[in-house]
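J.: Generate a structure from the sequence data that follows.
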Amino acid sequence: MAEIQIQWLGHSCFRVECQGYAIVLDPFEPGSVPGLRDIQQTADQVLCSHEHHDHNYRAGVALRETGAENPFAITAFPSFHDGCGGEKRGPNTIHLLEAGGLRVAHMGDAGCMPSPEILERLQELDAVMLPVGGYYTVGPEEAQAIVEAIRPRVVIPMHYRSDRFGFDVLAPVEKFLDLNAGHWMRYDTDTLEIHGGMSRRVAVLTYGG
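T.: Numbering: from 1, shown residues only. This next block holds a predicted model:
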């Protein structure tokens, strides 16, 4: 079985790679997120959950032309950036990436519990990248409810603040970790290898900037 490498580039931006093919999700515009360095990546594809400037900076990713075959089956699920049907902040797209028998999802700026139909498609993921900071997205308790609904093996928190980066209005990741006492790990790297049969955990990656 293949492995999927997930690298956190800060905020909601990740570089997801399998079999030499790389996808960057939700790159942020220079200066849009306090404390984060500019996105300067090379990849084969860019996916954006919505068109806000801290998620749609496609110009920050140079697309390479290696001819590498895309191992990912990509499914886009429509959702909302708020809890009122998109009336406040608009639409959001959840991306499901499947490759080598593994399934990972990036929730974008999910602002509410996904529909039952989408929850069914997201059951038992190998990894999910999930916003936990609240205000613009689901907060710690709502994020935890999503985790309990889909039961992923690995949860990678995103879209929160620390004392070095992030929007002041966001909650720190510790608020989410408090709901997962004994089931989280801090990594001293920005990258995690996802493989089959991983034990359930919340994986807090270190921002490499």
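
J.: Surely Arg187 touches Thr206?
T.: I think there's a mix-up here, since residue 187 is Tyr and not Arg. Yes. Proximity of Tyr187 to Thr206 meets the contact threshold set by C-beta atoms under 8 Å, at 6.1 Å. For glycine as for every other residue, the C-beta is placed from the backbone atoms N, C-alpha and C.

J.: Can you tell me the SS state at the closest residue to Leu192 other than its chain neighbours?
T.: Once flanking residues are discounted, Leu192 sits nearest to Ile6: 5.1 Å by C-beta to C-beta, 6 or more residues apart in numbering. Assigned with DSSP: H, G, I helix; E, B strand; the rest coil, Ile6 falls in the strand class.

J.: Start the count at 386 instead of 1 going forward.
T.: That works, and once the first residue is 386, the last one we named lands at Ile391.

J.: so what's Ile391 scoring on pLDDT?
T.: On the pLDDT scale, Ile391 is placed at 98.

J.: and it, what are its bridge partners?
T.: Val401, Leu577 (DSSP bridges).

J.: right, and Ile503 touches His480 too?
T.: No. Contact criterion C-beta under 8 Å: Ile503 and His480 do not qualify, at 11.7 Å.

J.: mind checking the longest helix of this protein?
T.: When the chain is scanned for its longest helix (criterion: DSSP state H), the result is helix 525-535.

J.: then the lowest-mean-pLDDT helix or strand in the chain to CSV, C-alphas only?
T.: Least confident helix or strand, the chain: strand 458-465 with a mean of 87, by mean pLDDT, DSSP states H and E. Extracted C-alpha coordinates of strand 458-465, given in CSV (Å, rounded to 0.1, in the frame of the first residue of the first chain):
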residue,chain,number,x,y,z
ALA,A,458,-9.2,10.3,-7.1
ILE,A,459,-10.6,13.7,-6.0
THR,A,460,-14.2,14.3,-4.9
ALA,A,461,-15.4,17.8,-4.1
PHE,A,462,-18.3,18.1,-1.7
PRO,A,463,-20.3,21.3,-1.5
SER,A,464,-20.7,22.7,2.0
PHE,A,465,-21.0,26.1,3.8
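
J.: for whichever helix or strand comes after that strand, packing partners?
T.: With elements assigned by DSSP states H and E, the helix or strand that comes after strand 458-465 is strand 476-484. If you count contacts as 3 or more C-beta pairs under 8 Å, 6 or more residues apart in numbering; DSSP states H and E, strand 476-484 packs onto strand 458-465, strand 487-491.
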